[in-house]
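Enquirer: Give the three-dimensional model of this entry:
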Amino acid sequence: MVALSQHLADTTERIGASSVAVLIDGAYASSGLCWRDGGIIVTTAHALKKAGAGSLTVLLGDGRTVAATLKGKVRGFDLAVLTVAETIPLPVFGDPALVRPGHLMLVAGRSLDTGVNATVGAVSAVSGPWQTWTGGHMRRFIRLDVALFAGVDGGAVVDSSGAVIGIATSALSRIAGVVIPRETVDAAIDAVLAGKGGEPAFLGVGLHEIDYENGRAPIVLSVDPKGAAAAGGILVGDLIASLDGKTVAGIRDLWALLNNSELIGRAVQVGLIRGGEAVAVTVTLGARSGE
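Expert: Here you go, the predicted structure:
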């Protein structure tokens, strides 16, 4: 037990060198982590709702507060990408594909008043691809049995070897904190830095999956009156069979196709089954509005 305690303390100290506190007008907003060389920092997007209204700074491990620039948000993954003109040590990264239920995880961050923060708990659930309620499509689901206090939400999720496997967020599940895994963070950073925003295209429908002709199909249960689906003539009760020429055999297929910011603003054909008959409509896909 003494050895484990010392290992956790040493790991927290080491991750603390890469951790920052994100401040808006000097007030604490969230933890963040330097993810790449060049002062590229990631944090949670939900904590930065007011970032456009005030000055954005980060508190570094050496006690200095420096100016930060918000490069972009990917709300579907609850991620925001910041940059600072500083050299910050990078953590060691691990492989989230190796995570199993029962593995112990340390979540480490930094707050304005108490400095480095840490909390420890088990991984309570792991599964394959999942769709976040904010529209992001992640390759894996990792749920934490960890208390995400203000000082660690947005902080690094660290495995027992001391390697970072992702970022912790309390905003993507009503049940518990979850991990934004490493590959998702990398993809979001790449999209933001490339100027693509990283947001999924938005169709504007509520869906349920049903059995249909020896397979599965998403059925439209609701239509956002201000969304692309309504403008394109998609109706409640329609089955979605294809998008942009690609077959849709379930909700996950559809989300995977929409998880492409390059589709935003494009007119695409949606194949429907309406009253047992094949129908095709053209919709101009939008972007999810709001925070």
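
Enquirer: Which pLDDT does the model give residue 202?
Expert: On the pLDDT scale, residue 202 is placed at 82.

Enquirer: doesn't residue 259 make contact with it?
Expert: No: using C-beta atoms under 8 Å, residue 202 makes no contact with residue 259, being 11.0 Å away. The C-beta positions use only the backbone N, C-alpha and C, and glycine is treated the same way.

Enquirer: host element of residue 121?
Expert: strand 115-127 (DSSP states H and E).

Enquirer: Can you name the residues in contact with that strand?
Expert: Strand 115-127 is contacted by residues 8, 12-13, 15-16, 19, 31, 61, 99-111, 140-149, 151-152, 155, 176 when judged by C-beta atoms under 8 Å, 6 or more residues apart in numbering.

Enquirer: quick one, phi/psi of the residue nearest the centre of the chain?
Expert: Nearest to the mean C-alpha position of the chain, counting by C-alpha atoms, centre = their mean, stands residue 77 at 1.7 Å. Dihedral pair for residue 77: phi -110, psi 0, per degrees, to the nearest 10.

Enquirer: and if you look at residue 5?
Expert: Given degrees, to the nearest 10, the pair of backbone angles that residue 5 has is phi -60, psi -40.

Enquirer: Equivalent analysis for the one 5 residues further on, please.
Expert: Comment: the main-chain dihedrals of residue 10 come out as phi -60, psi -40, following degrees, to the nearest 10.

Enquirer: For it, grab the count of nearby residues.
Expert: Residue 10 has 11 neighbouring residues, counting by other C-beta atoms under 10 Å.

Enquirer: what's the answer for residue 201, then?
Expert: 25.

Enquirer: The residue nearest to the centre of the chain contacts residue 139, doesn't it?
Expert: No: assessed by C-beta under 8 Å, residue 77 is found out of contact with residue 139, at 11.1 Å.

Enquirer: Between these two, which contacts overlap?
Expert: residue 184.

Enquirer: chain center to the strand holding residue 121, what's the gap?
Expert: 17 Å (C-alpha atoms, centre = their mean, to the nearest Å).

Enquirer: Parallel or antiparallel, list what pairs with the very next helix or strand once past it.
Expert: Following strand 115-127 in sequence order, the next helix or strand is strand 130-131 (DSSP H and E). Strand 130-131 has the following strand partners under DSSP bridges: strand 137-138 (antiparallel).

Enquirer: Just the mean pLDDT for the partner strand, thanks.
Expert: 79.

Enquirer: likewise stretch 212-228?
Expert: Mean pLDDT, computed over stretch 212-228, is 88.

Enquirer: Put the alpha carbons of whatever helix or strand residue 268 lives in into CSV.
Expert: Taking DSSP H and E as the definition, residue 268 sits inside strand 267-274. Output of strand 267-274 as CSV, limited to C-alpha atoms (Å, rounded to 0.1, in the frame of the first residue of the first chain):
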residue,chain,number,x,y,z
ALA,A,267,-26.0,19.3,-50.6
VAL,A,268,-26.3,15.5,-50.3
GLN,A,269,-28.9,13.0,-51.4
VAL,A,270,-30.7,11.1,-48.6
GLY,A,271,-32.3,7.8,-49.6
LEU,A,272,-35.5,7.1,-47.6
ILE,A,273,-38.1,4.4,-47.3
ARG,A,274,-41.5,6.2,-46.9
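
Enquirer: which secondary structure elements does it contact?
Expert: Judged by 3 or more C-beta pairs under 8 Å, 6 or more residues apart in numbering; DSSP states H and E, strand 267-274 is in contact with strand 239-243, strand 277-284.

Enquirer: List only those of the contacts of strand 115-127 flagged as buried.
Expert: Those of those that meet the buried threshold are 8, 12, 15-16, 19, 31, 61, 99, 105-111, 140-146, 148-149, 151-152, 155, by 16 or more other C-beta atoms under 10 Å.
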